[in-house]
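Undergrad: kindly return the folded structure for what I paste below:
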Amino acid sequence: STKSSVRWNSQDSHYSAREGWGLFDLDHSGRIVIQRLDTKDTFSSDDEARAFVEKKSEQGSGRHRRALYITDMAAIPTH
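TA: Here you go, the predicted structure:
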């Protein structure tokens, strides 16, 4: 699996927004990061939002695993 084959679509964005976080292009640098949504009070910080995504990924969520992979925070196993 290559990074270019991992996609984040509008449905993924919808679900992450409902949870209070999203993927954002940091300063338009092409570096994608997980950040809390300022319009929601779900998380008190970006770090808290990232920790939530990490926990959900560890629990087996494919969507959260992909988010971590896209942000270079984790590798998706190819097997």
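Undergrad: where does the prediction get shaky in the protein?
TA: 1-5, 73-79 (pLDDT under 70).
Undergrad: which residues in it form strands?
TA: 21-25, 32-36 (DSSP state E).
Undergrad: which one of these is the most hemmed in?
TA: strand 32-36 (a mean of 19; mean count of other C-beta atoms under 10 Å). The C-beta positions use only the backbone N, C-alpha and C, and glycine is treated the same way.
Undergrad: I'd like the strands of the chain laid out as a markdown table, including distance to Arg66.
TA: A markdown table is the format used below for the strands of the chain (distance: least, C-beta to C-beta, whole Å):
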| stretch | distance to Arg66 |
| --- | --- |
| strand 21-25 | 10 |
| strand 32-36 | 11 |
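Undergrad: ok, and the closest non-adjacent residue to the residue nearest to the spatial centre of the chain?
TA: In the chain, the residue lying closest to the centroid (C-alpha atoms, centre = their mean) is Ala67, at 3.2 Å. Excluding its sequence neighbours, the residue lying closest to Ala67 (C-beta to C-beta, 6 or more residues apart in numbering) is Val53, at 5.5 Å.
Undergrad: which residues does stretch 59-66 contact?
TA: Contact with stretch 59-66 is made by 6-8, 12, 15-16, 53-54, 56-57, 74, 76, as judged by C-beta atoms under 8 Å, 6 or more residues apart in numbering.
Undergrad: fine by me, thanks again.
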